[in-house]
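In: Structure for the following, please:
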Amino acid sequence: MDNVFFYKAPEASVIADNDGKILMANEKIKEIFGEIIEEKNYLYNVNFLNSNSENIFDPSIIKSYFEFEFENREITYKKPEGFILYFLLSQKKIDIDENKYLFLSFKNVTDFVSYKKIFEELYDSLTTKTIELDTVIIEKEKAYKLLKQKDDEMLRQLNLAREVQKGIFPEINETINNFSLYSRLKAASIVSGDFFSVWKTEDRYIDFIIADVTGHGVPSALITMMLKMSLQTRIAEYKTPEDILEAVKNDMHGILSNATIFVTLIFARIDTNNGNISILDCGHTPPIILKNNGEVKVVDINGMMLGVIDELDMGNVDTNIEKGDMIIFITDGIIEAQNQEGEFYEKYFYEKLKKIYKESPETIVDETIFDLYKFVNKEEFSDDATIVCVKRI
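Out: Numbers count the residues shown, from 1 in each chain. Just a heads-up that it's a prediction; the model follows:
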């Protein structure tokens, strides 16, 4: 075994004998549990619980619980201050110096479980309120007052969901390694089915995901939350965009297929040293490159959206932007917006970009949204609209 790799591994891990006595514990698990996880201590003292609230390292059950290798069993640990941590435990048997040991890895999914519970409760609450509303309509004069109360309550909860969503998906206005980024998201209803996320990988790369869940409103918004939770978990485990997307697809496919909901998505990795951009596409609206001379180029890429088939069928392309160039990521709510005559905004959008190519990302994004409102001539869009502009400066 590579001891250095074990001690520095990103996932909390421990090696123990068949009685739960710790032989080795890596830095990650010590960071979570402190001095209680030390060599020669017993895991029984940590009090990991199974679904029956039994300590899995109790001498009465440890032999049967770890008799066979397994992956991703749900366990919990209650911290002294009362906060509950959730883990997926995997176990395999290894030989060290001709002795049998248990190799245990603890995948911390506390944030995923917490977010899931919050939005399940919100969705259940909204569903209950909707059923109640359908019932009270039968009563005429009383129905109006009750309906108004329920509407206000539902609106309050939807506004709460919107604020939660804004907190989880903040708009971008920052500069990273000589790349300026700016974004805007305009929801068709109170909550949105669009999603984007930006993070730095190593010191060299900017990773970016933009996604669009079919439809809009509460069901689509809930899917974006689950997509965000899956992404947060997987970027901590995997390094390459391909591996991250494969893991996210595995997390989301059952949810999407059961709900008959689909997700289009683009994953882009920007090399800030040279402007090279690797793009993976799952059926999403192609990005646009706006050159420093005003030329508009639509990236030619296409893949299959998530939720349609079991396999991950990605399109991929490599491109580059020079200093002064921009790459613009959008959802289809931008180019498929229609005016009163039934025209789509797409060609008007490209013409607009040619006129304002010298402007900053912030100006380009804000003027696009302003121009889109004038084009549709309505106070609300019929679909969620998101635009993210990235400029190499």
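
In: Got the domain ranges for this protein?
Out: As given by automatic domain parsing, the domain ranges for the chain are 3-108, 112-161, 169-392.

In: Tell me, how many residues neighbour Glu202?
Out: A count of nearby residues for Glu202, using other Cβ atoms under 10 Å, gives 7. Placement of C-beta: from N, CA and C, glycine included.

In: Quick one, grab the pLDDT at it.
Out: With respect to pLDDT, Glu202 has a value of 87.

In: next one: Tyr65
Out: Note on Tyr65: pLDDT of 94.

In: nearest residue to it other than its sequence neighbours?
Out: Sequence neighbours aside, Ile56 is the residue nearest to Tyr65 in space, at 5.1 Å (criterion: Cβ to Cβ, 6 or more residues apart in numbering).

In: quick one: the one you found and Ile75 touch, right?
Out: Yes. Under the criterion of Cβ atoms under 8 Å, Ile56 makes contact with Ile75 at 6.4 Å.

In: Overlap in contacts, these two.
Out: 48-50, 89 (Cβ atoms under 8 Å, 6 or more residues apart in numbering).

In: and those residues, which two are the farthest apart?
Out: Maximum pairwise distance among the shared contacts of Ile56 and Ile75 (Cβ to Cβ): 11.0 Å, between Leu49 and Leu89.

In: ok, these two, which is more surrounded?
Out: Counted by other Cβ under 10 Å, Leu49 and Leu89 do not tie: Leu89 has more neighbours, with 19 against 16.

In: partners of the helix or strand where the more buried one lies, with directions?
Out: For Leu89, the host element (DSSP states H and E) is strand 84-96. Note on strand 84-96: by DSSP bridges, its sheet partners are strand 70-78 (antiparallel), strand 99-108 (antiparallel).

In: Give me the below-cutoff pLDDT ranges for the protein.
Out: Applying pLDDT under 70 to the chain flags residues 1-2, 114-120, 122, 126, 133-141, 143-144, 147, 150-169, 216.

In: Could you rerun that using 80?
Out: 1-5, 35, 39, 111-170, 188-192, 215-219, 259, 308-309 (pLDDT under 80).

In: hmm, back to that, next, format the shared contacts of Ile56 and Ile75 as CSV and append secondary structure.
Out: Converted to CSV, those look like this (DSSP: H, G, I helix; E, B strand; the rest coil):
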residue, secondary structure
Phe48, coil
Leu49, strand
Asn50, coil
Leu89, strand
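
In: Among those, pick out the one closest to Tyr42, please.
Out: Phe48 (11.7 Å).

In: neighbours around that closest one, how many?
Out: Quick note: Phe48 (other Cβ under 10 Å) scores 21 neighbours.
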